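Visitor: I would like to see how this sequence folds:
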Amino acid sequence: MTAKEIMQKAGVMRRRSREYCSNAYFPIPQLEEFLQKETVQIIATEDLILLIEDASDLYRLYFFAEQYLSLMKIQQFLPRTSKPVILDIVGKDLRTQDLANEIKKAGFTQYSEFVRMICTEPTLPSEKNTERVEFANISDVLNINKLLRKTFDPLFSHLPDIAELETAINNKEITLIREGSKLAGFAFFEKISAKQKILRFFAVEEKFKGQNIGGALLRHQFCSSFPGTVYILWVGTYNNAQFLYKKFNFHYDGLKDYILKYGGN
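Guide: I've put the predicted structure just below:
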């Protein structure tokens, strides 16, 4: 199926049922790019479309379902593997939580929950020494990747691969601090538009914590961006970091991400 055919079929299902639901929010150009991956499998029935991506150590699942009952078919189409299958349900209203609960009836369990925070006028961290902050270069990519995978759970973090990190470095989206020849910490702010950035990843090596590495990285970012820049980040509800970001004037905007898991160890 092409991206256009998928969206046409999804439109038919939407018109047939008020219970139509999906966790695939792709514009057609993005969906076309996604479908070009050799790791993506498409499964379609009369009332269900599944896009299953083999993402190395896990599978990611996107669906278009005519009604909640259609979701009960998902299990029979999942790969028979020890790797977990992960899907995200994102939204603001109660229907989003209802959909997450329906997915659980299909054998999934809730693995984590994230909330989105935004900021338009950041409060600057107290750390003023930003001279040690520098842009990452290509030779840093392996060390950044190592710290990423040591810090973040791949089941909910959508970790970038080496190529994506190299693109971010070339776009000057990753800043870092070194201690001697060692990577002490880094911040990855992806540019969404001229005045909108999303904090994708922010990590400090354990042995360098307590040395104001994070404060310097954030202050550098806030001071070097255009005035009026909107900052966005997702943070796990399990994570005390959300209270830290509140100190920098981030606030919740109501959007939640329910991360559900099927199978795996």
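Visitor: Mind naming the longest helix for this protein?
Guide: helix 3-16 (DSSP state H).
Visitor: And it, what's buried?
Guide: Neighbour-count burial for helix 3-16 flags 3, 6, 7, 9, 10, 13 (criterion: 16 or more other Cβ atoms under 10 Å). From N, CA and C alone the C-beta is placed, and that goes for glycine too.
Visitor: again with stretch 113-131
Guide: 113, 114, 115, 116, 117, 118, 119, 122, 125, 127, 130.
Visitor: which of those lies closest to residue 28?
Guide: Here the nearest of the buried residues of stretch 113-131 to residue 28, counting by Cβ to Cβ, is residue 116; it sits at 24.5 Å.
Visitor: what about the nearest residue to that closest one once chain neighbours are set aside, how many neighbours?
Guide: Distances taken as Cβ to Cβ, 6 or more residues apart in numbering put residue 255 closest to residue 116, at 4.1 Å, once the chain neighbours are dropped. For residue 255, the neighbour count with other Cβ atoms under 10 Å is 16.
Visitor: Let me see the contact set for residue 255.
Guide: By Cβ atoms under 8 Å, 6 or more residues apart in numbering, the contact list for residue 255 reads 90, 91, 92, 115, 116.
Visitor: Show me what the strand or helix carrying it pairs with in its sheet, parallel or antiparallel.
Guide: Element membership of residue 255 [criterion: DSSP states H and E] is strand 251-262. Partner strands and pairing direction for strand 251-262 (DSSP bridges) are strand 85-91 (antiparallel), strand 109-119 (antiparallel).
Visitor: Redo the ones you listed as CSV? Include distance to residue 73 and mean pLDDT.
Guide: Converted to CSV, the strands paired with strand 251-262 look like this (distance: least, Cβ to Cβ, whole Å; pLDDT from 0 to 100):
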stretch, distance to residue 73, mean pLDDT
strand 85-91, 14, 95
strand 109-119, 18, 95
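Visitor: any chance of these in TSV, with distance to residue 24 too?
Guide: Below are those laid out as TSV (distance: least, Cβ to Cβ, whole Å):
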stretch	distance to residue 24
strand 85-91	10
strand 109-119	18
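Visitor: And those strands: which comes nearest residue 188?
Guide: strand 109-119 (16.2 Å).
Visitor: coming back round to it: what packs against the next helix-or-strand element following the longest helix of the chain?
Guide: Later in the chain than helix 3-16, the nearest helix or strand by DSSP H and E is strand 21-22. Counting contacts by 3 or more Cβ pairs under 8 Å, 6 or more residues apart in numbering; DSSP states H and E, strand 21-22 packs against strand 59-65.
Visitor: Any idea which of the strands paired with strand 251-262 gets closest to residue 149?
Guide: strand 85-91 (16.2 Å).
Visitor: Tell me where this structure has strands.
Guide: In the chain, the strands defined using DSSP state E lie at 21-22, 40-44, 48-54, 59-65, 85-91, 109-119, 134-135, 174-179, 182-193, 196-204, 230-236, 251-262.
Visitor: Nearest to residue 223 among the ones you listed would be which one?
Guide: Per Cβ to Cβ, nearest to residue 223 of those: strand 174-179, 11.6 Å.
Visitor: Any idea how far the closest one is from the middle of the chain?
Guide: 22 Å (Cα atoms, centre = their mean, to the nearest Å).
Visitor: Pull the contacting residues for residue 136.
Guide: 144, 169, 174, 175, 176, 186 are the contacts of residue 136 under Cβ under 8 Å, 6+ apart.
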